[in-house]
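J.: Structure for the following, please:
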Amino acid sequence: MPFDLTKVIRPNILALAPYRCARDDYSSGILLDANENAYGPSLPVEQEGSLNRYPDPYHVKVKERLLQLRKVPSVANFFLGVGSDEVIDLVIRVSCVPGKDKILITPPTYGMYSVCAQINDAGVVKCNLDVEEGRFQLKVDEVLASLKANPDVKVVFLCSPGNPTGTCLTHDSIRAVLESGFEGLVVVDEAYVDFVDHAEGSVASWVEKYPNLLVMQTLSKSFGLAGIRLGIAIGQPDLIQILNNTKAPYNIGTPSAQIAQEALSEAGLQKMYEYRSALIDQRNKLIDSLASFPVPGIGRILGGNDANFVLVQILNAENQPCNERSEKVYKLLAESKDVVVRFRGKEPGCTGCLRITVGTPEENATLLARLQEVLTIV
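T.: Numbers count the residues shown, from 1 in each chain. Model prediction:
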């Protein structure tokens, strides 16, 4: 059965006449149409760019550079959001009727899917990943059974590589959901995809084939631009247009767009690939160091290690993963050793786990030394 977008998007959104902003019509000449300050920004030092003018509502120049990088057919396949979080919120808002419809998530996974669902009064169906032996893969049959049992599910969120799992979902499992006959949207969150160093990475090119697929990416991770809050959604043009119709008129500011353009330039991409290579090298060294740790208390490193962090177990005296000890280690590192990691022990399959972001060689060396100190006293 062909995918019908009109069965997924709320009727009031389909009927929406989007706000038409000044820059939708004209963007050059003597601009006296948008009630901007003609004298310029009140800043002590002159800045590059016309900060007194509203930005391009769609930032086509940024999308043109993304087009070359992600090998997607057209700028019409891209939506830009204020981080991936705006994309998550918009997808739920345009799809789920409050108090009626639901999303499906696969814990352990990124927490904002549930937060945005609650804000939008959407239900949450949980279908845990296969966590045995730290696999963190979809239980495809259970996902499909959950979708059949919950016809009000409008959106499935799949995180690949996962957070906090650091594991890519197999392409076969993602394809199985897309080809299951599910009539809602399948959102694949690829925030960490540039750190994948094997074949099963991005599925962004699949949007040509699957009209119900939306792929989320970001400049926060591999590009090191968390501070500009620029998220990316890739999908078929009719779905992207729905998101554009619903977003705030000027959601991405001029400074963020200018920095994004620089980062996506040839020189910027070269720098990204250089840092990516260094981070993967440091990830491997960190894993090796944790695997041969000189004091007791470090357990298995879980997951596929496809991101810029590792998920490691903290063990008790009986060599069992232990939340109590893990949380003590986490707090002591932060409060007395100036090293901040993330406690993730309360999520399915993550008992006793700390999530450790890969740092520079110096940061990683400090982490390892101070972790050793803490494990000797906790």
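J.: Next, the contact list for His59, please.
T.: Listed by C-beta atoms under 8 Å, 6 or more residues apart in numbering, the contact set of His59 reads 80, 252, 257, 260. (Each C-beta comes from the backbone N, C-alpha and C, glycine too.)
J.: Of all the helix elements in the chain, which one is longest?
T.: Secondary structure assigned by DSSP state H gives helix 266-291 as the longest helix of the chain.
J.: what element comes up after that one heading to the C-terminus?
T.: strand 298-302 (DSSP states H and E).
J.: residues in contact with the lowest-mean-pLDDT helix or strand in the chain?
T.: When the helices and strands of the chain are scored by mean pLDDT, DSSP states H and E, helix 22-25 comes last with a mean of 81. Helix 22-25 has contacts (C-beta under 8 Å, 6+ apart) with 31, 33-34, 54-57, 250.
J.: Report whether the expected contact of Asn77 with Asp238 is present.
T.: No - counting by C-beta atoms under 8 Å, Asn77 does not reach Asp238; the two are 10.7 Å apart.
J.: Neighbour count: those two, which is higher?
T.: Per other C-beta atoms under 10 Å, whichever of Asn77 and Asp238 has more neighbours is Asn77, with 22 against 12.
J.: residues in contact with the more buried one?
T.: By C-beta under 8 Å, 6+ apart, the contact list for Asn77 reads 67, 207, 234-237, 240.
J.: please redo it, this time with the cut-off set to 7 Å
T.: By C-beta atoms under 7 Å, 6 or more residues apart in numbering, the residues touching Asn77 are 207, 234-235, 237, 240.
J.: Quick one: low-confidence residue ranges for the stretch 1-150 of the chain.
T.: 1 (pLDDT under 70).
J.: all strands for it, in order.
T.: Using DSSP state E, counting those that start in this stretch, the strands of the stretch 1-150 of the chain run over 78-82, 102-105, 123-126.
J.: would a markdown table of those with mean neighbour count be doable?
T.: Formatted as a markdown table, these follow (neighbours: other C-beta atoms under 10 Å):
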| stretch | mean neighbour count |
| --- | --- |
| strand 78-82 | 23 |
| strand 102-105 | 24 |
| strand 123-126 | 16 |
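J.: among the ones you listed, which is nearest Thr167?
T.: strand 102-105 (15.4 Å; C-beta to C-beta).
J.: strands paired with that closest one, and their directions?
T.: strand 123-126 (parallel), strand 153-159 (parallel) (DSSP bridges).
J.: So what's the gap between the first one and the chain middle?
T.: Here the centre of strand 123-126 is set off from its chain's centre by 19 Å, with C-alpha atoms, centre = their mean, to the nearest Å.
J.: Sweet, I'm off.
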